[in-house]
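Peer 1: Build me a model from this:
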Amino acid sequence: MLRSMFLSLSRASRVQRTIMRWPLAWRAASRFVAGTQLTEALRVIQDLNTRGINATLDHLGENTTTTDEAAQAAAEIEHILEEIDRSGARTNVSIKLTQIGLALDEAMCREHVARILAHARDCHNFVRIDMEETAYTEQTLSLYHQMRQRGFDNTGVVIQSYLYRSGFDVSKLVQEHARVRLVKGAYSEPRDVAYPRKADVDANFDRLTELLLSGVLAAGAPPLGEDGRTPPIPAIATHDARRVEFAQAHARRIGLPERAMEFQMLYGIRRDLQERLVAAGYPVRVYVPYGTHWYPYLMRRLAERPANVWFFVMNYFRR
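Peer 2: Next comes the predicted model:
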């Protein structure tokens, strides 16, 4: 019930305008968002790097409404790649296709992505294409495959375990040596396309983890990874200790070393687990969002875990 409410609020523009005027709303959001400016986010990433943690940087914003906004967002992503290269921060970039025009003009979005990937290649970096609502799943996967066909090996995609179709999608992506980040999914989806029960989402997450790790074993190490140099490995993106333990146990069963997969988590959540995994020899990458469009992102984080709601309430009433 809470999850549905917060996901609905994430799309409510009138509520967004009200909440974003609350000074304490940003105070709560800043647990999950690394500032409104790129310089702030890069400082957060450099701190993560000193603790042995890599990052993926996301300039918040999605569902742009004009072609000019989409072009501006694409140009900002290119600027981000240049600043990462200049700073030496160990981070790649995550993008949302609706931010650069997918809902407006697919052909325009495709060209924005191609320019971003070419720029990333010049900067020796990697770009992850995030997955959004199911209205865009097929287009997102199609665009990803088109970029691979155009010779861009410095890109990967995200698969959501709450979708029924994801087993088929992962099987295909594994055969193509794709760079996959596996997540549970953070949008409100109808029962005819997504598992409504958490237990089923978790079970499918474990099945997809098995597919991804077995794919590493079968394929060996293709030549290019997320930073443009290291071998690609699947990204298991979860804060759920049971899912982490399942992935570790399966990797051990099939003889994969710790560095054969990467655990990914969100900025501001489960720092204790991140540090334990680093200490145990596992690659860890933290998703670091920044920007002024933080409201929808905050609502999705509140929808995911009741503990996040409590954190928000405590910050609202704290002087």
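Peer 1: Would you confirm that Gln139 contacts Leu102?
Peer 2: Yes - between Gln139 and Leu102 there is a contact under CB atoms under 8 Å: 6.2 Å. Where you see a C-beta, it was placed from the backbone N, CA and C, and this is true even at glycine.
Peer 1: Okay, strands next: where are they in this protein?
Peer 2: In the chain, the strands defined using DSSP state E lie at 54-59, 91-95, 127-129, 155-160, 180-183, 235-237, 262-266, 284-290.
Peer 1: Does anything pack onto the first one? Which helices or strands?
Peer 2: With contacts defined as 3 or more CB pairs under 8 Å, 6 or more residues apart in numbering; DSSP states H and E, the secondary structure elements packing on strand 54-59 are helix 38-50, helix 67-87, strand 91-95, strand 284-290.
Peer 1: let's see it at 10 Å
Peer 2: Contacting strand 54-59 under the criterion 3 or more CB pairs under 10 Å, 6 or more residues apart in numbering; DSSP states H and E are the following elements: helix 38-50, helix 67-87, strand 91-95, strand 127-129, strand 262-266, strand 284-290.
Peer 1: what about the nearest residue to Ala186 once chain neighbours are set aside, neighbour count?
Peer 2: Distances taken as CB to CB, 6 or more residues apart in numbering place Arg300 nearest to Ala186, at 4.6 Å, with adjacent residues excluded. As a burial measure, Arg300 scores 19 neighbours (other CB atoms under 10 Å).
Peer 1: if we can go back for a sec, mind giving me JSON lines with the strands of the chain and columns for mean pLDDT, distance to His145 and mean neighbour count?
Peer 2: Compiled in JSON lines, the strands of the chain are given as follows (pLDDT from 0 to 100; distance: least, CB to CB, whole Å; neighbours: other CB atoms under 10 Å):
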{"stretch": "strand 54-59", "mean pLDDT": "97", "distance to His145": "21", "mean neighbour count": "24"}
{"stretch": "strand 91-95", "mean pLDDT": "98", "distance to His145": "16", "mean neighbour count": "24"}
{"stretch": "strand 127-129", "mean pLDDT": "98", "distance to His145": "11", "mean neighbour count": "23"}
{"stretch": "strand 155-160", "mean pLDDT": "98", "distance to His145": "9", "mean neighbour count": "23"}
{"stretch": "strand 180-183", "mean pLDDT": "98", "distance to His145": "13", "mean neighbour count": "24"}
{"stretch": "strand 235-237", "mean pLDDT": "98", "distance to His145": "19", "mean neighbour count": "24"}
{"stretch": "strand 262-266", "mean pLDDT": "97", "distance to His145": "22", "mean neighbour count": "22"}
{"stretch": "strand 284-290", "mean pLDDT": "97", "distance to His145": "23", "mean neighbour count": "24"}
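Peer 1: I'd like to know which of these is closest to Arg43.
Peer 2: Closest approach to Arg43 among the strands of the chain (CB to CB): strand 284-290, 10.3 Å.
Peer 1: Who are the packing partners of that closest one?
Peer 2: With contacts taken as 3+ CB pairs under 10 Å, 6+ apart, strand 284-290 sits against helix 38-50, strand 54-59, strand 91-95, strand 180-183, strand 235-237, strand 262-266, helix 271-279, helix 295-304.
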